[in-house]
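Engineer: take this sequence and fold it.
(4 chains)
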Protein chains: 2
Amino acid sequence: MNIGDAAKGSGVSAKMIRYYEQTGLIPSAGRTISGYRTYTGSDVQMLRFIRRARDLGFQVEAIGELLALWRDRSRHSADVKQLAQDQIAGLRRKIAEMESMVATLDHLAQGCSGDDRPECPILADLEGEASLVAPACHGGPGFNR
Amino acid sequence: MNIGDAAKGSGVSAKMIRYYEQTGLIPSAGRTISGYRTYTGSDVQMLRFIRRARDLGFQVEAIGELLALWRDRSRHSADVKQLAQDQIAGLRRKIAEMESMVATLDHLAQGCSGDDRPECPILADLEGEASLVAPACHGGPGFNR
DNA sequence: GCTTGACCTTCCCATGATGGGAAGCCCTAT
DNA sequence: ATAGGGCTTCCCATCATGGGAAGGTCAAGC
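Structural biologist: I've put the predicted structure just below:
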């Protein structure tokens, strides 16, 4: 089948299939005499594997390792598990970062009247007036006055 | 002061200061006769504002809006709050996505023996065998054998 | 057979925020 | 005057993805 069908069948765009080939994530596809790439059912399965891994947030580099393990019948599941756990750890780290941002923003937004007055603890905080909770102040530390 | 001092004082790299100028986020800095950019204390304060906003995950485009509101003395705090809440919503959406990935991965990893055997529900899932929990197949659940 | 439209190819460019590095000018302290 | 560090611009790279142009190919319908 042609690249368009492989794309439809796998959920990976034709652009990305070519990109994956170019970067070596997947082997070069066969070609027709006229130069069209050809794909088999198992190629589509591999592409679907890749798409699922992407959906789980794996970087392309890690997907390369996953594919290698997938193809290796004498793999140790411990190696796969390790990749998954690294991925989990990375995601948890990013989640924690973002949760910290949300906490700060939420805190600041709650202190903001949100009406037509200009005073705003959010801007005051960004300005670096004081700590996270810096009230609209403009006159020194207001948070324990 | 020169760009290096502004960078040190604000926590924004010289590279990024030039980039922000180039993209119009900040106005063009003054120049000495010989072409060096010059910065004032309030420029540094603006840069610090930008860096804090970045630390809260705001995209540069949103920071432009925040800066405009910051400079606008007749702003309505409601507009600032709206930006903050949009940011919170965006972060929460990404967090939810990642949490879903973690949940799936965690689930799969727990079903993986993680030893020297090749069977692995993680790969089986990526392969698209069945549902999230697809056990190492060819013979039923292996992880509680 | 020829046309048409859909598909394929390669190549270049763009994203967003950031860094690296080179070539060359400037400034200051010795 | 010379050395060193800082500044300038310009180009390139990241990472995964898409857009689009120019041109070749294929299959269906007339």
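Engineer: secondary structure element holding the residue of chain A found nearest DNA strand C?
Structural biologist: Closest contact between chain A and DNA strand C, by C-beta to the nearest atom of the strand, is at A:G4 (2.6 Å). The C-beta positions use only the backbone N, C-alpha and C, and glycine is treated the same way. According to DSSP states H and E, A:G4 maps onto helix A:3-10.
Engineer: all helices of chain A, in order?
Structural biologist: A:3-10, A:14-22, A:41-55, A:60-71, A:77-110, A:121-127 (DSSP state H).
Engineer: which helices and strands sit right next to the second one?
Structural biologist: The helices and strands touching helix A:14-22, judged by 3 or more C-beta pairs under 8 Å, 6 or more residues apart in numbering or on different chains; DSSP states H and E, are helix A:3-10, strand A:37-38, helix A:41-55.
Engineer: help me confirm that A:Q87 comes into contact with A:R54.
Structural biologist: No: using C-beta atoms under 8 Å, A:Q87 makes no contact with A:R54, being 11.5 Å away.
Engineer: just checking, what packs against the helix or strand bottoming out on mean pLDDT in chain A?
Structural biologist: Lowest by mean pLDDT, DSSP states H and E among the helices and strands of chain A is helix A:121-127, with a mean of 93. Where contact means 3+ C-beta pairs under 8 Å, 6+ apart, helix A:121-127 is packed against helix A:77-110, helix B:41-55, helix B:60-71, helix B:77-110.
Engineer: adding mean pLDDT, mean neighbour count and distance to A:T23, write the ones you listed out as JSON lines.
Structural biologist: What follows is those, written out as JSON lines (pLDDT from 0 to 100; neighbours: other C-beta atoms under 10 Å in any protein chain shown; distance: least, C-beta to C-beta, whole Å):
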{"stretch": "helix A:77-110", "mean pLDDT": "95", "mean neighbour count": "17", "distance to A:T23": "19"}
{"stretch": "helix B:41-55", "mean pLDDT": "95", "mean neighbour count": "18", "distance to A:T23": "30"}
{"stretch": "helix B:60-71", "mean pLDDT": "95", "mean neighbour count": "17", "distance to A:T23": "28"}
{"stretch": "helix B:77-110", "mean pLDDT": "95", "mean neighbour count": "17", "distance to A:T23": "23"}
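Engineer: spell out which parts of chain A neighbour DNA strand D.
Structural biologist: Contact residues, chain A versus DNA strand D (C-beta under 7 Å from any atom of the strand): A:13, A:15-16, A:19, A:32-36, A:54, A:59-61.
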